[in-house]
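# from the sequence below, what's the structure:
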Amino acid sequence: MNSNNIRLTFGVLIIVLLFVGAGMLLFKSQSKPRPVDESSHGQFDPLLDKPLPELDLYDKDGNVYTVESFKGKNVVLFFNEGIMCYPACWDQIAAFGTDERFNNDQTAAFSVVTDQPRDWERAQEKMPDLAKAKLLFDRGAAASRRLGMLDLPSSMHGGVMPGHTYIVLDKEGIVTYIHDDPAMGNNNDLIASKVGVTNNY
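Predicted structure coming up:
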């Protein structure tokens with residue numbers, strides 16, 4: 001093979017490698033989940049800056065929580081996939097339960113799941129910090145459905161379960177902030193900044 005053919009072959013190989021590399025980068029950027037801006041496309045407009053719609057949620061003993069139950073404190077409602085979402089949802093639920101910024105006379109964080117209470121009794125044996133969290137049960141996903149939590153980008157079971165979504169309420173029960181997180185991270189600091197609490201709350 002003469003030197004011209006070698007140069008030509010080498011040049012073609014470089015071009016092919018560049019195209020393959022560019023294609024892989026494009027695929028990776030499209031497949032990676034991106035956090036959803038709470039204001040994007042107005043998807044949360046029906047809820048933001050308005051009173052939280054009426055709903056019924058239940059604690060492990062069957063006591064009902066309504067919108068009126070949340071008034072008087074800044075409240076975070078963390079809608080998530082629950083027991084099957086290990087470790088991401090478990091970690092976030094436990095992080096809320098052990099963070100004083102969300103457990104005081106001004107602010108409370110509730111994790112909302114569609115599971116049965118007995119499932120979480122077993123989970124608490126595996127991760128004791130879960131017992132410190134405030135869990136509320138959404139029977140039949142009725143509240144999640146009413147609030148539009150079942151069809152957001154973070155939900156891996158669209159129409160059936162919520163994914164990883166936070167709703168912040170002020171002391172009057174007005175929705176002040178919503179964040180949907182397909183990356184399913186620990187968002188304590190972000191949510192605390194939106195509630196307006198610090199380490200000293």
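
# list the buried ones in stretch 101-117?
Going by neighbour count (16 or more other Cβ atoms under 10 Å), the buried part of stretch 101-117 is 101, 102, 103, 107, 108, 109, 110, 111, 112, 113, 114, 115. Any C-beta I mention is one placed from the backbone N, CA and C, and that applies to glycine too.

# so which of those residues is the closest to residue 143?
Nearest to residue 143, judged by Cβ to Cβ, of those is residue 112 at 7.0 Å.

# name the SS class of that closest one, please.
Recorded secondary structure, residue 112: strand (DSSP: H, G, I helix; E, B strand; the rest coil).

# likewise residue 120?
Secondary structure assignment for residue 120 (three-state DSSP): helix.

# and what of residue 108?
State at residue 108, reduced to three classes by three-state DSSP: strand.

# surely it and residue 76 touch.
Yes - taking contacts as Cβ atoms under 8 Å, residue 108 lies within contact range of residue 76: 7.4 Å.

# partner residues bridging the residue positioned nearest the centre of the chain?
Among the residues of the chain, the one closest to the centroid is residue 164, at 2.1 Å (Cα atoms, centre = their mean). Residue 164 has these beta-bridge partners by DSSP bridges: residue 80.

# what's the first helix or strand after the worst-scoring helix or strand of the chain on mean pLDDT?
Ranking every helix and strand in the chain by mean pLDDT, DSSP states H and E puts helix 3-31 at the bottom, with a mean of 53. Counting by DSSP states H and E, the next helix or strand C-terminal to helix 3-31 is strand 57-58.
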